[in-house]
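>>> got a sequence here, can you model it:
(chains A, B, C and D)
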There are 2 protein chains.
Amino acid sequence: MFGVMNRFLSNATNRIDSKGRVSVPAMFRAVLTQRNVQELYCLQDLVFPAISVGGPDLLERYERQIAQADPFSPEANMMSLLVHGGGVYMRLDAEGRLAVTDFIRDFTGITTEVTFVGRSDHFQLWQPQAFHEAQVAAREGRARLPVRPA
Amino acid sequence: MFGVMNRFLSNATNRIDSKGRVSVPAMFRAVLTQRNVQELYCLQDLVFPAISVGGPDLLERYERQIAQADPFSPEANMMSLLVHGGGVYMRLDAEGRLAVTDFIRDFTGITTEVTFVGRSDHFQLWQPQAFHEAQVAAREGRARLPVRPA
DNA sequence: TGGGACCATATGGGCGTCAATGGGAAGCGA
DNA sequence: TCGCTTCCCATTGACGCCCATATGGTCCCA
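Now for the predicted structure:
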């Protein structure tokens, strides 16, 4: 219906309750519904201390990337280790919440709050302060990146 | 209809009400209507303490830059973190107002008033005093400082 | 040319809906 | 039985939707 709303965008911080649950932002849940995603796949980000969450397409995208690389290269080996060995399936409850497991806490440093960060075709779970610092660093570092004219 | 009305020009300062809303200047709303923009995309300016607001084309311009990089590279990852994770969707209410969220307040320093600044293909939200100072600085020729080397 | 009707914008606030959150109770496996 | 998960329902606070008022300017007409 809306051409742009079908992607994961923006960020929001929600609290973890006493049972270790946290609500996925309604906007993100709407994207999941629209894409008919029912089972979520989680894996560690390759750069940041964040957990990437998406549908089966997220896994497939990483697998294609692995397949493109030399299968005996250290890079492909490490990616496979992270993607296949570090990946976890996850479901949302009836209210659209997910359980914050130790797998997530250990890798991200999340304790009481989760920042949900849109990444277009998937979203990520961050420790709020870590996200803020990564944003500042990315903004300052951008000047050194190769800028290509439009 | 009018050739001049199809871009964002000039600036205006409006008050934030008790519910945290502020009217987008009618002239800017007219441009949005003419461009058939219904959902707004907001992003932190890369140089100034201002929030850039535009239609989907504003987002797509940044995404084209990301698409040119290796999708699994740290550079693309950081760009996506800024553009997808740092951007937010926003809608105007029936009276043409937008909600000034903490996301906007924290980055701009806006408290009680918002200065809307036209930037041709998009417009920006500024803290009035900060905008005034940036204008003075620009007149004194210091506007060249933020320009990044090619 | 001055007064007043008229209009568009900006602003204020009521109210219903929904998302986020909290917690009880039932089901299940160890 | 005990701990953990799943299902269900209650609360509340924010936001969207609606209507009312203020304010300043323009246009018309006497």
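
>>> just give me the neighbour total for A:Ile110.
A:Ile110: 22 surrounding residues under other Cβ atoms under 10 Å in any protein chain shown. To be clear about C-beta, it is placed using only N, CA and C from the backbone, and glycine gets the same treatment.

>>> likewise for A:Gln34?
Counted with other Cβ under 10 Å, residues neighbouring A:Gln34 total 12.

>>> how near is the residue lying closest to it once chain neighbours are set aside to B:His122?
Once flanking residues are discounted, A:Gln34 sits nearest to A:Asn6: 5.6 Å by Cβ to Cβ, 6 or more residues apart in numbering or on different chains. Separation of A:Asn6 from B:His122 (Cβ to Cβ, to the nearest Å): 22 Å.

>>> neighbour count for those two, which is higher?
B:His122 (23 against 13).

>>> contacting residues around A:Pro49?
Counting by Cβ atoms under 8 Å, 6 or more residues apart in numbering or on different chains, A:Pro49 touches A:107-109, A:126-127, A:130.

>>> is the one helix or strand A:Val136 maps to anywhere near chain B?
Here A:Val136, judged by DSSP states H and E, is contained in helix A:128-141. Yes: among the residues of helix A:128-141, A:131, A:134-135, A:138-139, A:141 lie within reach of chain B under Cβ under 8 Å from any Cβ of the partner chain.

>>> related to what we said a few turns ago, ok, the residue nearest to A:Gln34 - contacts?
A:Asn6 neighbours (Cβ under 8 Å, 6+ apart): A:31, A:34-35.

>>> which ones are touching the closest residue to A:Ala26 other than its chain neighbours?
Distance criterion Cβ to Cβ, 6+ apart; nearest residue to A:Ala26, sequence neighbours excluded, is A:Gly96 at 7.3 Å. Contacts of A:Gly96 were listed using Cβ under 8 Å, 6+ apart, and they are A:23-24, A:26, A:29.

>>> now intersect these with the strands, please.
Cross-referencing the contacts of A:Gly96 against strands under DSSP state E gives A:Ser23.

>>> for the lowest-mean-pLDDT helix or strand in chain A, output the C-alpha coordinates as CSV.
With mean pLDDT, DSSP states H and E as the measure, the helix or strand of chain A carrying the lowest mean pLDDT is helix A:74-85 (a mean of 73). Extracted in CSV, the C-alpha atoms of helix A:74-85 (Å, rounded to 0.1, in the frame of the first residue of the first chain):
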residue,chain,number,x,y,z
PRO,A,74,39.2,-17.4,6.2
GLU,A,75,36.4,-14.8,5.6
ALA,A,76,33.9,-17.4,4.3
ASN,A,77,34.9,-19.7,7.1
MET,A,78,34.3,-17.1,9.8
MET,A,79,31.0,-15.9,8.2
SER,A,80,29.8,-19.4,8.2
LEU,A,81,30.8,-19.8,11.8
LEU,A,82,28.9,-16.7,12.8
VAL,A,83,25.8,-17.2,10.6
HIS,A,84,25.3,-20.9,11.0
GLY,A,85,26.8,-21.4,14.4
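
>>> what's the first helix or strand after it?
strand A:88-90.

>>> direction included, what does that next one pair up with?
Neighbouring strands of strand A:88-90 in its sheet, by DSSP bridges, are strand A:40-44 (antiparallel).

>>> parallel or antiparallel, list what pairs with the helix or strand just after the strand it pairs with.
Per DSSP H and E, the first helix or strand lying C-terminal to strand A:40-44 is strand A:51-54. Each strand paired with strand A:51-54, and its direction, by DSSP bridges: strand A:40-44 (antiparallel), strand A:123-126 (antiparallel).

>>> do the last one and DNA strand C meet?
No: judged by Cβ under 7 Å from any atom of the strand, strand A:123-126 and DNA strand C are separated, with a smallest distance of 12.4 Å.

>>> in chain A, where is pLDDT below threshold?
Residues of chain A meeting the criterion pLDDT under 70: A:1-4, A:71, A:142-150.

>>> any idea what the residue lying closest to A:Ile16 once chain neighbours are set aside is bridged to?
Leaving aside its chain neighbours, A:Ile16 sits nearest to A:Val22 (4.8 Å; criterion: Cβ to Cβ, 6+ apart). Beta bridges link A:Val22 to A:Leu98 when assigned by DSSP bridges.
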